[in-house]
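Peer 1: sequence first, then the predicted structure:
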Amino acid sequence: MSILYKTLAAALLLGGSAMALAANDGQMRANELLNTDPHYRETWQGVVKKEQRLPEWVMNLSGDAEQMNAVEEDGDKYLVGPLCESQATCAKQRLIVAVSFDKKDAYAMLVDVPAGLPADKSPTRHASYRFLGKPDQGMQDLLMEQLKKDPNWY
């Protein structure tokens, strides 16, 4: 009987963790990740430590952020959301961040729009995209889709 109780206890613990993640869906912001859990900090530091010439706000995930959303990619669940240094700079430079629910993987896409781009020019066609964390094609597509959800991105 003790095996049954151990199995039941393990199932309840796992179920509780999944429920806690579901309850947190969409309530986390990218600029809160590193202060929320040391595992997120460790994973993010692993992503940016080999990168060169990243802005400080990207290195520290600081700045202005919207709520993240739970998204599934290739069977894995991620929290995904945008981050900008400030609201004023968001049209010219932004970061789309994805972190796995298990806190072991993190990816991002840094989007730069050239300064002085006329308002009638599409930022999509003139922006440069830099992927962080070596995302595969599926993750790159997921990050691009998140960017396209912005009504100001055309």
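Peer 2: Here it is on my side, so go on. Numbers count the residues shown, from 1 in each chain.
Peer 1: and the gap between residue 131 and residue 32?
Peer 2: Per C-beta to C-beta, to the nearest Å, residue 131 is found 23 Å from residue 32. (C-beta placed from N, C-alpha, C; glycine too.)
Peer 1: same thing with residue 154?
Peer 2: If you measure residue 154 against residue 32 using C-beta to C-beta, the figure is 29 Å.
Peer 1: between these two, which has more neighbouring residues?
Peer 2: residue 32 (15 against 10; other C-beta atoms under 10 Å).
Peer 1: got phi/psi on the residue nearest to the more buried one when sequence neighbours are not counted?
Peer 2: Once flanking residues are discounted, residue 32 sits nearest to residue 65: 7.5 Å by C-beta to C-beta, 6 or more residues apart in numbering. Per-residue torsions, residue 65: phi -140, psi 150 (degrees, to the nearest 10).
Peer 1: check contacts around residue 65.
Peer 2: Contact analysis of residue 65 by C-beta atoms under 8 Å, 6 or more residues apart in numbering lists 29, 30, 31, 32, 81, 82, 83, 84.
Peer 1: you'd agree residue 112 is up against residue 123?
Peer 2: No - look at residue 112 against residue 123 with C-beta atoms under 8 Å: they stay out of range, at 9.8 Å.
Peer 1: ok, those two, which is more surrounded?
Peer 2: Shown here are residue 112 and residue 123; by other C-beta under 10 Å, residue 123 has more neighbours (19 against 14).
Peer 1: ok, the closest residue to that one other than its chain neighbours - contacts?
Peer 2: The shortest distance from residue 123 to any non-neighbouring residue, by C-beta to C-beta, 6+ apart, is to residue 113 (4.6 Å). Counting by C-beta under 8 Å, 6+ apart, residue 113 touches 91, 92, 93, 123, 126, 127.
Peer 1: and for residue 123?
Peer 2: For residue 123, the contact set (C-beta under 8 Å, 6+ apart) comprises 91, 113, 117, 153, 154.
Peer 1: and residue 126, by the same measure?
Peer 2: Contacts of residue 126 (C-beta under 8 Å, 6+ apart): 113, 114, 117.
Peer 1: separation between it and residue 154?
Peer 2: Residue 126 is 11 Å from residue 154, by C-beta to C-beta.
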